[in-house]
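[1] Need a 3D model of the following:
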Amino acid sequence: MSSAKLFALIQYPLPHHLISRLVGRLAECRVTWLKNALIKAFIRQFKVDMSQAVETDYRVYPTFNAFFTRALEADARPLEDGLLCPADGTLSQWGDIDRGQLIQAKGHRFSVSDLLGGDPLKATEYASGSFATVYLSPKDYHRVHMPLAGTLTEMVYVPGRIFSVNSATAEQVPNLFARNERLVCHFDTEHGPMVMVLVGAMIVAAIETVWSGQVTPLSGKVERIRFNTPVHLDKGQEMGRFKLGSTVVMAFTQRVNFDAIDNAPGDAAAVRMGQRLGAEPGQESVTDQV
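    Numbering: from 1, shown residues only. Model prediction:
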């Protein structure tokens with residue numbers, strides 16, 4: 001049995017939520033010597049680059065979570081043109097949605113409807129669109145930004161397990177992103193509807209948004225929240241953050257030409273927030289226009 005398969009199997013019987021909530025309490029600890037020791041060990045273990053943080057001294061952060069969701073200098077992530085990458089991390093999968101199915105990893109697909117929390121009507125809008133998945137590792141910057149300007153229309157909390165979402169688990173656990181706890185954020189953009197799905201993972205204590213603050217964990221049922229007052233976010237503006245690493249899945253109703261990605265789909269690419277992934281949905285690439 002491979003180590004990846006063993007790692008995935010071990011996770012099934014674990015009390016995911018209990019582990020994550022206990023880690024969450026530790027991450028909010030304000031005992032100076034303890035939180036400093038945790039942060040220092042984390043920086044050393046994962047080789048975290050603090051040079052672009054607004055506050056480079058780890059001892060100044062009041063909690064581990066404050067350090068983990070640290071802000072970067074204003075010019076640290078310049079915004080390029082086209083469709084932007086929403087977060088630092090690894091672009092693990094991207095491409096066209098095929099008959100309502102997205103690629104999770106080699107040999108694994110999952111449906112848009114399941115990802116959205118069992119909403120077949122909304123899923124039909126994305127049946128012929130495109131998607132991209134970005135995995136945020138522990139060393140990465142953990143704020144999530146808008147790939148396009150958009151107006152929030154609905155937020156859906158979907159309860160579930162919280163398996164790890166690293167590449168080993170994605171290759172072994174079927175329907176991973178549609179079975180983990182997640183926050184589904186629907187936006188209207190000038191290029192049609194867009195959905196940003198913030199997927200929870202093992203030891204992710206919470207997911208936050210800029211319009212609602214900390215959202216997860218909620219109850220054990222799907223909760224749909226609509227907004228009477230429009231929430232508009234500009235391209236590149238922060239929309240949410242993870243308290244420990246996870247994954248963002250974004251989908252568009254129109255096709256995207258991922259012309260800025262040199263790697264073949266399925267061949268993971270290191271990415272940074274603000275870099276161009278391709279042309280905006282429904283638009284021709286620069287090459288097509290020449």
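
[2] tell me the helices in the protein, going along the chain?
    3-11, 16-27, 32-46, 64-68, 112-115, 120-125, 167-172, 286-289 (DSSP state H).

[3] ok, the residue positioned nearest the centre of the chain - contacts?
    Centroid-nearest residue in the chain, with Cα atoms, centre = their mean: V248, separated by 2.1 Å. V248 sits next to 86-87, 133-134, 136, 144, 196-199 when contact means Cβ atoms under 8 Å, 6 or more residues apart in numbering. Where C-beta positions appear, they are placed from N, C-alpha and C, glycine not excepted.

[4] Could you do V48 as well?
    Counting by Cβ under 8 Å, 6+ apart, V48 has contacts 42, 138-139.

[5] Lowest-confidence one in these?
    Lowest pLDDT within those is found at P138 (85).

[6] From L244, how far off is N175?
    22 Å (Cβ to Cβ, to the nearest Å).

[7] hmm, back to that, using PyMOL, define a selection of the buried residues within the contacts of V48.
    Buried subset of those, written as a PyMOL selection, criterion 16 or more other Cβ atoms under 10 Å:
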select buried, resi 42+139
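
[8] Kindly indicate which of the contacts of V48 lies nearest G82.
    Each of those was scored against G82 by Cβ to Cβ, and K139 proved nearest at 26.3 Å.

[9] follow-up on the earlier one: make a markdown table out of the contacts of V248 and add neighbour count.
    Shown next, in a markdown table, are the contacts of V248 (neighbours: other Cβ atoms under 10 Å):
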| residue | neighbour count |
| --- | --- |
| P86 | 27 |
| A87 | 30 |
| T133 | 26 |
| V134 | 26 |
| L136 | 27 |
| V144 | 28 |
| M196 | 25 |
| V197 | 25 |
| L198 | 27 |
| V199 | 29 |
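
[10] Not counting sequence-adjacent ones, nearest residue to F42?
    Nearest-residue entry for F42: V48, 6.8 Å, with adjacent residues in sequence omitted and distances by Cβ to Cβ, 6 or more residues apart in numbering.
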